[in-house]
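> All I have is the shape, not the residue letters:
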């Protein structure tokens, strides 16, 4: 069957196809270090300026980390739903639209899936968040239209969409043997999405599920926001965040540099020579010029993405341990210094840094229940997916708010993709 489900995610992407009448997740990449086949492909591209080629996923991150000359791009999905959608970006000597860049990545996903399934894929159900944009319906609609355009440009002929938490619900429904009301909590890289739905074994084959859908809601907060706030709370002071002016102790270093440095799709803007000149001028006026010098060094080395990756890894590590370190030794790469810099961070710092975001996520969960007009006691099952549902503070809130519900932890990264290919089987 020449169909697939494609989950283009902020942090990771997946594709599901049908093999021998069964929904199957595509092994998209061989891990560059372990050699293991991975069904997730990190949503990253690396433009190699020397070889004039593009690498994707873990290999893109590996090329960048190795120090190859080029440009890394991640979290492209964050552009969808923003007013930056119509902007372009210059890579080497060529101006690309974001349609082009996302298209390169989607084309790679399609080619890998076609190679695995040994067939041309013509029909696709694409996942989408409940809201690409929380506040502007016109931008939300434009984002879906843009993603549809890109899918058609890479060769898909039949294109439709499904909300990501509904797709995750369909994945979970394959294991259900009785009727139940399930709350799907999908906290991904860029958004948190929620679906309240009636599931049952008998409902699996229904083509129209509108009567089963009780509520659908989402908020534009996810793992990349957690990364940014952890970065601001821990390593950014090392680079001058909060440093006052020499002669104006009540006025601190402009914060926008640090917000951009903690936001994947904004990091590259800080490598602009004008930004470096402005920072050099600021350094002369700041009470701690050494901290600003570190920021300048980081940006001259074009290591902002490396720093963001180290912070992201620290967040992941703290899901399983109480303490870890953010490695900053790469700052000495060009200086010849033997000093090893490591910034310690513990789970309490992580919890405090993301508390406001987590509170907003669970306020949106409460709004989802209010949409349906039901209380927490009516929910039989909580089904969680998305990498950020592994965070201890998130899990603690789920447990405390829904103590009587059965809790099923789904595949953190594949549940949406599995549900999308099941939906593709129904539609095509």
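That came through fine. Because the structure is predicted, anything quoted here is derived from the model rather than measured.
> host element of residue 145?
Per DSSP states H and E: residue 145 is located in helix 137-153.
> Buried residues, that helix. List them.
Going by neighbour count (16 or more other CB atoms under 10 Å), the buried part of helix 137-153 is 139-140, 142-144, 146-148, 150-151. Quick note: C-beta positions are derived from backbone N, CA and C, even for glycine.
> Please identify the one among the residues you listed that lies nearest to residue 32.
The closest of those to residue 32 turns out to be residue 150 (CB to CB; 26.5 Å).
> for the nearest residue to the closest one once chain neighbours are set aside, what are its contacts?
Among residues not flanking residue 150 along the chain, residue 103 sits closest, at 4.9 Å (CB to CB, 6 or more residues apart in numbering). Neighbouring residues of residue 103 by CB atoms under 8 Å, 6 or more residues apart in numbering: 150, 153-154.
> How about the secondary structure of residue 103?
Residue 103 carries the three-state label helix when classified by DSSP: H, G, I helix; E, B strand; the rest coil.
> what ranges do the helices span in the stretch 201-350 of the chain?
Using DSSP state H, counting those that start in this stretch, the helices of the stretch 201-350 of the chain run over 223-233, 256-261, 273-283, 289-300, 304-317, 347-372.
> For the third one, name the packing helices and strands.
With contacts defined as 3 or more CB pairs under 8 Å, 6 or more residues apart in numbering; DSSP states H and E, the packing partners of helix 273-283 are helix 289-300.
> quick one: buried residues of the helix it packs on?
Residues of helix 289-300 classed as buried by neighbour count (16+ other CB under 10 Å): 289, 291-299.
> from those residues, which is closest to residue 58?
Of all the buried residues of helix 289-300, residue 58 sits closest to residue 298, with 23.3 Å by CB to CB.
> circling back to that earlier point, can you name the residues in contact with the helix holding residue 145?
For helix 137-153, using CB under 8 Å, 6+ apart, the contacting residues are 6, 8, 80-83, 85, 99, 102-103, 106, 124, 126, 128, 131-133, 159, 161.
> again, 6 Å this time
With CB atoms under 6 Å, 6 or more residues apart in numbering as the test, helix 137-153 has contacts from 80-81, 99, 102-103, 106, 131-133, 159.
> Which one of those residues is nearest to residue 422?
For the contacts of helix 137-153, the closest approach to residue 422 (CB to CB) belongs to residue 159, at 17.1 Å.
> any idea how far the nearest residue to that closest one once chain neighbours are set aside is from residue 78?
Of all residues not flanking residue 159 in the chain, residue 151 sits nearest, at 4.8 Å (CB to CB, 6+ apart). Going from residue 151 to residue 78 by CB to CB, to the nearest Å gives 18 Å.
> give me every residue that touches residue 91.
Residues near residue 91 by CB under 6 Å, 6+ apart: 47, 71.
> Just list whatever residues bridge to it.
In this entry, residue 91 is beta-bridged to residue 94, by DSSP bridges.
> now it: how far from residue 104?
In this structure, residue 91 and residue 104 are 11 Å apart, going by CB to CB.
> Look up phi and psi at the residue positioned nearest the centre of the chain.
Centroid-nearest residue in the chain: residue 189, 2.5 Å away (criterion: CA atoms, centre = their mean). Dihedral pair for residue 189: phi -70, psi -40, per degrees, to the nearest 10.
> again, but for the one 10 residues further on
Residue 199 adopts backbone torsions of phi -120, psi 150, taken as degrees, to the nearest 10.
> swap in residue 81?
Backbone torsions of residue 81, given as degrees, to the nearest 10, read phi 90, psi 0.
> Count the neighbours of it for me.
If you count neighbours by other CB atoms under 10 Å, residue 81 ends up with 27.
> Assess the claim that it and residue 133 are in contact.
Yes: counting by CB atoms under 6 Å, residue 81 touches residue 133, with 3.8 Å between them.
> neighbours of residue 309, just the number please.
Neighbours around residue 309, by other CB under 10 Å: 19.
> Okay, and the residue lying closest to it once chain neighbours are set aside sits in which element?
Spatial nearest neighbour of residue 309, chain neighbours left out: residue 61 (7.0 Å); criterion: CB to CB, 6+ apart. Assessed by DSSP H and E, residue 61 sits inside helix 57-66.
> buried residues in that helix?
57-64.
> Could you double-check that residue 161 sits in contact with residue 129?
No: the pair residue 161 / residue 129 is not scored as a contact, 10.4 Å apart, by CB under 6 Å.
> Who has more neighbours out of the two?
residue 129 (28 against 17).
> my read: that one touches residue 189, true?
No: using CB under 6 Å, residue 129 is not in contact with residue 189; the gap is 10.5 Å.
> Residues in a beta bridge with residue 195, which ones?
Applying DSSP bridges to residue 195 gives these bridge partners: residue 184, residue 216.
> Count the neighbours of it for me.
Neighbours of residue 195 (other CB under 10 Å): 25.
> do you know how far it is from residue 26?
As defined by CB to CB, residue 195 lies at a distance of 24 Å from residue 26.
> In contact with residue 173: list those residues for me.
Residues near residue 173 by CB under 6 Å, 6+ apart: 199, 204.
> Over to it: give its phi and psi.
Per degrees, to the nearest 10, the backbone of residue 173 is at phi -60, psi -20.
> Check the gap between it and residue 198 for me.
10 Å.
> pretty sure residue 71 belongs to a strand, no?
Yes: per three-state DSSP, residue 71 lies within a strand segment.
> In this structure it contacts residue 48, no?
No: taking CB under 6 Å as the definition, residue 71 is not a contact partner of residue 48, at 8.9 Å.
> In space, what's closest to residue 390 - neighbours in sequence excluded?
Leaving out its chain neighbours, the residue that sits closest to residue 390 by CB to CB, 6+ apart is residue 319, at 4.7 Å.
> Number of residues surrounding the one you found?
That count, for residue 319 with other CB under 10 Å as the rule, works out to 17.
> mind checking pLDDT for it?
For residue 319, the pLDDT comes out at 93.
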